[in-house]
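Here is a sequence together with a model predicted from it:
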Amino acid sequence: MSFTDRLVLWLHIAFAIFTIGPVSAAIMSTPRYIRARNVAIVRYLRRMTQIFGLISLAVLIFGIILGQQLDLLAKPWLTASMTLFVVSIALLVIIVRDQHRAISALEKAAAQETLPPGAVPAEAAPAGPADTAGPADTAGSQPGGQPAADAGTAATATARPEQAARHIASVERGRITTMGAVVTVIWLVVLILMVWK
């Protein structure tokens, strides 16, 4: 093996160690902080997943260069390894999207929690005079013009979007956990193929 081959091999190994490890740690930490509703940490983990996931493409690039230099690209184990690595990169893109959705849901839930009791969210508030009740609309009202619905309706209206946002965050947490486990298993299989051969 020439000096150039050794240099490419060491670059391949270095990028594998210093990119795949942090990506795996970021993905596996994300569900815990979604559960804790710590938006700042989840945002940081998403950024970390994006940056290190993008840099991890160098592992594939140096692997292809090394395989070409050593005339190994036609080997089935190398083709399988490259294919699995590309699948893991595609799953990383989906994980980053799910992290973004979880951040949005957590921010929405936090915004709903900061509303005072009985307040109607901006998207549910009446838009103008067209939404106000006229004389024909007061048939279902109580005496004195009060609506027949109880006072808890407004609180329920604000609680529902908050619960929906929390549910979305919970669903994304489950998806990130599942796909993160799949990505980790794929990388372990690739590692076994590399070491075995």
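Okay, I see it. Numbering: from 1, shown residues only.

where's I65 relative to A58, distance?
Going from I65 to A58 by Cβ to Cβ, to the nearest Å gives 10 Å. Every residue, glycine included, has its C-beta placed from N, CA and C.

meant to ask about V8
From V8 to A58 the distance is 11 Å (Cβ to Cβ).

who's more crowded, the two?
V8 (22 against 16; other Cβ atoms under 10 Å).

so that one, which of the three states?
The three-state label given to V8 by DSSP: H, G, I helix; E, B strand; the rest coil is helix.

and the gap between it and T177?
35 Å.

All the strands of this protein, residue numbers only.
Using DSSP state E, the chain contains no strands.

For the helix ranked longest in the chain, what is the distance to the chain centroid?
Of all the elements of type helix in the chain, the one with the most residues (DSSP state H) is helix 152-196. In this view, helix 152-196 has its centroid 7 Å away from the chain centroid, taken as Cα atoms, centre = their mean, to the nearest Å.

same question, stretch 87-95
On Cα atoms, centre = their mean, the centre of stretch 87-95 falls 11 Å from that of its chain.

going forward, begin numbering at 52 instead of 1
All set: I'll call the first residue 52, so the last point we hit is now stretch 138-146.

quick one: average pLDDT of that stretch?
Taken as a whole, stretch 138-146 carries a mean pLDDT of 96.

Likewise for stretch 164-176?
The average pLDDT for stretch 164-176 rounds to 57.

Pull up the per-residue confidence for A215.
81.

for the residue lying closest to M245 once chain neighbours are set aside, what are its contacts?
Closest residue in space to M245, ignoring its immediate chain neighbours: S132 at 6.4 Å, by Cβ to Cβ, 6 or more residues apart in numbering. For S132, the contacting residues are G114, V241, L244, M245, by Cβ atoms under 8 Å, 6 or more residues apart in numbering.

so where's the protein shaky on pLDDT?
Counting by pLDDT under 70, the chain has low-confidence residues at 166-210, 212, 248.

what about the residue nearest the centre of the chain, distance to V234?
Nearest to the geometric centre of the chain sits Q150, at 1.8 Å (Cα atoms, centre = their mean). According to Cβ to Cβ, Q150 stands 13 Å off from V234.

next one: S132
14 Å.

how about the helices in the chain?
Counting by DSSP H, the helices of the chain are 54-66, 72-86, 90-106, 108-120, 127-164, 203-247.

Could you single out the nearest of the contacts of S132 to I146?
Using Cβ to Cβ, V241 comes nearest to I146 of the contacts of S132, at 17.3 Å.
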